[in-house]
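Asks: Please find the sequence and the predicted model below.
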Amino acid sequence: MSLQPPSVDTPWTGASTPQADPAAAESAEKLRQSLLRASTDPALDQATRELMTQALDLLQVTTAQKDWALLRYRALFDAVPDPVSVLAEDGTVLDLNKAGMQAYRRGREEIVGKNINVLNPELPHDHMGPVWETLNRGETYVIEVTNMRGDGTRFPVEVHSANFIFDGRKSLVAVARDLSGRHEAELRYRELMEVIDKGIVVQAQDSSISYANRAAMRIFGIGEGKRIAEEMDLERWRFVDPHGREMPTEDLPSQRALATGQVVESQLLGMYHREHRQLIWLTVTSVPQFAAGSDRPSQVTSIFSDVTALKRDSALFDRAQSLAHIGGWEWNTGDDRVYLTDEAVRILGPSTTPENLEQMLASLREPDRRRFRGAMQQAIATGEGFDLELQGSRMDGHPFWIRVIGEAEATDPATPRVTGTLQDISVDKRAEETLRIQARTDPLTGLMNRDAVLNDLGARLIDPVHSRVALLYIDLDRFKTVNDVLGHSAGDELLMRAAARIQGAVGTEGLVARFGGDEFLVVCDATGDPAQPERLADAVLAAFADSFRFGKDEFSITASIGISRAPGDGVRPQQLIQNADIAMYDSKHRSRNGWQAFTPELARRQQDRLQIETQLRRAVDNQEFRLVYQPQVDLRRGRIVAAEALIRWENHQLGELRPDLFISHAETTGDIVRIGSWVLREACRQVRQWQDMGLGVVRVAVNVSYRQFANDDLAENVRAVLDEFQLPGSALELEFTERVLIEDAPATLKTFAELRALGVMLTIDDFGEGYSALNYLRRLPIHGLKLSQLFTEGVPNNRSDVAVCQAVSAIARSLGLGLVAEGVESEAQRQFLLQLGVPVGQGFLFAPGLSPDEFASRLRSPEERVSNG
């Protein structure tokens, strides 16, 4: 019986693979020899020998089938082009095909029988867990890993694993697909995408952009370093369809491809950039892409071309550009023909469509026509483009602004063409004009502001036709009183009303501006009417004749005006303003509610003021100040009860100056704080000296400026000076102006309380001159009032002064305050004040300011009535 290969009908299962086993082969051979001997053994009967022969034939057939199966398995196993391995449950390699040995560049004995880690050392120790978990669910396990060759080099593979029975054992078969070629193909594909001249954009399901090639970045105008996702934000773009209608986002090709899962081919699309104001046209094809096992697109790839140039002359392009108010134009220099798109014609607004250049330019202003012609000639000559902003007006009279961009096209050197776009930018220009007006306008009053009037005045002064201008510098009198008493809201209301009155008085004869604070300027032309500035000044003063009412309060607010003229008083804005300010300052100090024209004499006086201020800063250090002491006298008995310290200044350059000449300067410059500190200390030093001379403790009144009072350390300074000279607080009297009455602040009450606690006497000086805030007066812890010389000088003959003195005296009595009358110069005044109940007075009737020695002499003769004689 010959051995033949098993027939094709011989059953065989690929799920269980035989494997050559030397021990099994030896056992099979022994069985065959035994059966052979038994089949020919004469000791056995014929039936038994035939049975042994049949068994031998069956064994030989079975052995042949097994060998053939092994050959067929090995042939198929090794025929697979990808590396295939059989792994035990613990990851031990049970078999490996020829492709695997070639791919890993190792012999079979180097892999079979070893753990799979020999091919991938980076695998975690529990890497078989997730594999079996997947296979036990009846699924195929797929993973991408990097395997290692025998020489240590690595290569990427995609491994597919499935259940397998090997020699009766539970195993798995793993097929590894080498991905090196695919990765190289992907790299070449990516390089191709970068060099192709069509734009390519890949978007995820949420429309976010995951990739854009260089062509896409160039078409969209996105420079290096900028983020594609930010630049392509849908809020920055408007989309239009081929008919020029705005497209909703869901109609975009990429969105339709994602929504339907179908390719959207060659759709024409317009994209308008809101910030750059540029329109581009694209033809777009969007291809949806699906992830494995998904029925919905996971991303979409859009491929597009820029067809803007092809659309420039089409009606569709013209209609779409109308959305952005952009029109196209072309000028053929050979036949002087112009072509305008419909939107360009609408923007220019001619009565008929222009056919030549002059008709096109007719809508522009003449200066801008010349600019446009010159720019086009320059473009033809040099090949350079131009970008202009021009003004014109349509046939219906509506003005417009346009932006014109153009360049020469050298298609035919003999007859070049100039083409470009024009865009209606009227809205933007109106917005710019609004901002410009806002930048020139005072927000409170609506008048021109400081910068605007300076620019306008400067422009007039350099223009020979308009250089003879006059300037009125207006300052409101007593504005600060209203602002301090009623608050800033009332102050703002007063400024608005004052501005309206000034504007009404000036009318169209000048420009009115708010220069700052409560100061206004009027600029007028003095060429035709030399008296116009003075006439306008009188009109402004008349406008302030009526008082201003705020609720129940009524204030008489007037104006002080200074006038300067160009070119006599200056040829520069600051010079004219400075000289008008000098004149205004003189008017305010003379009488208020008036005007003063600038003169060289005023300039000289201003120079004197500057010189005073300069010398004043060094006066304390140079010991140029001295104090004199005017007695305060018991009006009935004539004896001295106190003194007021009065400052005198003698400068080595200016000579002796009256206090009314330098105190206001010191207040303005702030030097009054330092001077006041010197007066306080010097007065206390003198009181100490008189006491040491045995003259007792003389109370001396010292004036305190508001600037001193506003400092946080006034009470502490007074305490320190009293301690330095070992004086009681009763030796010092501090006189404040009425301004402290309107400072309704906790700090004011605190300072007064601290001073009173020191024993210092507190008095309100010149009571009745300012705004007498009686409500505040009753709350402050003061001791007395001083009746101003402004009112005592008219008694007993002036009825108004008599009434004021009676009122102040009544207030003092009702509040339990002491009262001292200033400026007592006649016996009639003394008698009037005595009858009024005023106990103490000072003035030339008794004595002027005395030197310390003269005052001491008066103290030594108490029996002698103090008088000037």
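Replies: Looks like it came in fine. Numbering: from 1, shown residues only.

Asks: Tell me where the stretch 351-500 of the chain has strands.
Replies: 386-393, 399-409, 417-424, 469-476 (DSSP state E, counting those that start in this stretch).

Asks: which residues touch the longest one?
Replies: Applying Cβ atoms under 8 Å, 6 or more residues apart in numbering, the set of residues contacting strand 399-409 from outside is 329, 347-349, 372, 375-376, 379-380, 383-394, 416-426, 428-429. Bear in mind the C-beta positions are built from the backbone N, C-alpha and C, glycine included.

Asks: Over to stretch 94-114?
Replies: With Cβ under 8 Å, 6+ apart, stretch 94-114 has contacts from 19, 77-78, 80-88, 92-93, 118-119, 147-151, 155, 166-167, 171, 176, 178.

Asks: ok, of these, which come out buried?
Replies: Among those, the ones that count as buried by 16 or more other Cβ atoms under 10 Å are 77, 82-88, 93, 118-119, 147-148, 166, 171, 176, 178.

Asks: Sort out for me which of those are in helices.
Replies: With helices taken from DSSP state H, the overlap with those comprises residue 77.

Asks: wait, residue 594 sits on residue 562?
Replies: No: checked against Cβ atoms under 8 Å, the pair residue 594 and residue 562 is beyond contact range at 10.2 Å.

Asks: Counting neighbours, go ahead and name the busier of these two.
Replies: With other Cβ atoms under 10 Å as the criterion, residue 594 and residue 562 differ in neighbour count, and residue 562 comes out ahead with 27 against 18.

Asks: just the helices in the stretch 201-350 of the chain please.
Replies: Listed in chain order, the helices found in the stretch 201-350 of the chain under DSSP state H, counting those that start in this stretch are 214-219, 228-231, 253-260, 308-311, 315-321, 342-348.

Asks: Show me what counts as buried in the second one.
Replies: This means helix 228-231. When neighbours are counted by 16+ other Cβ under 10 Å, the buried residues of helix 228-231 are found to be 228, 231.

Asks: Run through who's touching stretch 664-677.
Replies: Contacting residues not belonging to stretch 664-677 are listed as 609, 612-613, 616-617, 619-620, 625, 647, 663, 703-705, 707-708, 711, 717 [Cβ under 8 Å, 6+ apart].

Asks: Give me the common contacts of residue 594 and residue 562.
Replies: Among the neighbours of residue 594, those also in contact with residue 562 (Cβ under 8 Å, 6+ apart) are residue 587.

Asks: Which parts of the stretch 401-550 of the chain are helices?
Replies: 426-440, 450-462, 479-486, 488-506, 532-543.

Asks: The second one - contacts with which helices or strands?
Replies: In this case it means helix 450-462. Judged by 3 or more Cβ pairs under 8 Å, 6 or more residues apart in numbering; DSSP states H and E, helix 450-462 is in contact with helix 426-440, strand 469-476, strand 511-516, strand 519-525, helix 573-590.

Asks: Need the winner for burial among these.
Replies: Each of the helices and strands packed on helix 450-462 was assessed for mean neighbour count using mean count of other Cβ atoms under 10 Å. The highest is strand 469-476, with a mean of 25.

Asks: Phi first, then psi, for the nearest residue to residue 32 once chain neighbours are set aside.
Replies: With Cβ to Cβ, 6 or more residues apart in numbering as the criterion, residue 32 has its nearest non-adjacent residue at 5.8 Å, and that residue is residue 59. Note on residue 59: its backbone torsions stand at phi -60, psi -40 [degrees, to the nearest 10].

Asks: just to revisit the earlier point, deepest in the core, which of the strands of the stretch 351-500 of the chain is it.
Replies: Of the strands of the stretch 351-500 of the chain, the one with the most neighbours on average (mean count of other Cβ under 10 Å) turns out to be strand 469-476, with a mean of 25.

Asks: so for it, what's the average pLDDT?
Replies: If you average the pLDDT over strand 469-476, you get 94.

Asks: and it with strand 519-525, angle?
Replies: Here strand 469-476 points in a direction 160 degrees away from that of strand 519-525 (axes from the mean of the first three to the mean of the last three Cα atoms, to 10 degrees).

Asks: in its sheet, what does strand 469-476 sit against?
Replies: Counting by DSSP bridges, the strands paired with strand 469-476 are strand 519-525 (antiparallel), strand 559-565 (antiparallel).

Asks: one step back: rebuild the helices of the stretch 401-550 of the chain as CSV, extending it with mean pLDDT.
Replies: Rendered in CSV, the data for those read as follows (pLDDT from 0 to 100):
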stretch, mean pLDDT
helix 426-440, 78
helix 450-462, 89
helix 479-486, 78
helix 488-506, 92
helix 532-543, 94
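
Asks: Kindly reformat those helices as CSV containing distance to residue 241.
Replies: Compiled in CSV, the helices of the stretch 401-550 of the chain are given as follows (distance: least, Cβ to Cβ, whole Å):
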stretch, distance to residue 241
helix 426-440, 25
helix 450-462, 48
helix 479-486, 63
helix 488-506, 54
helix 532-543, 64
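
Asks: so residue 417 makes contact with residue 331?
Replies: Yes: under the criterion of Cβ under 8 Å, residue 417 is in contact with residue 331, at a separation of 6.6 Å.

Asks: filter the contacts of stretch 664-677 to the buried ones?
Replies: Members of the contacts of stretch 664-677 classed as buried by 16+ other Cβ under 10 Å are 609, 612, 616, 619, 625, 647, 663, 703, 704, 705, 708.

Asks: so who does residue 849 touch?
Replies: With Cβ under 8 Å, 6+ apart as the criterion, the residues that contact residue 849 are 628, 629, 630, 646, 648.

Asks: Repeat that for residue 237.
Replies: With contacts defined as Cβ under 8 Å, 6+ apart, the neighbours of residue 237 are 271, 272, 273, 274.

Asks: Narrow the residues you listed to those in strands?
Replies: Members of those lying in strands (criterion: DSSP state E): 271, 272, 273.

Asks: Of these, which is the nearest to residue 580?
Replies: The nearest member of the ones in strands among the contacts of residue 237 to residue 580, counting by Cβ to Cβ, is residue 273 at 52.4 Å.

Asks: separation between that closest one and residue 402?
Replies: Counting by Cβ to Cβ, to the nearest Å, the gap from residue 273 to residue 402 is 19 Å.

Asks: Lowest average confidence across helices and strands of the chain, where is it?
Replies: Within the chain, judged by mean pLDDT, DSSP states H and E, the helix or strand with the poorest mean is strand 16-17; its value is a mean of 42.

Asks: Show residues contacting whatever helix or strand comes next after that strand.
Replies: Using DSSP states H and E, the helix or strand that follows strand 16-17 in sequence is helix 22-39. Judged by Cβ under 8 Å, 6+ apart, the contacts made with helix 22-39 from elsewhere in the structure are 44, 48, 49, 50, 52, 53, 55, 56, 59, 60, 63.

Asks: And helix 22-39, what's buried?
Replies: For helix 22-39, a neighbour-count test (16+ other Cβ under 10 Å) marks 28, 35, 38, 39 as buried.
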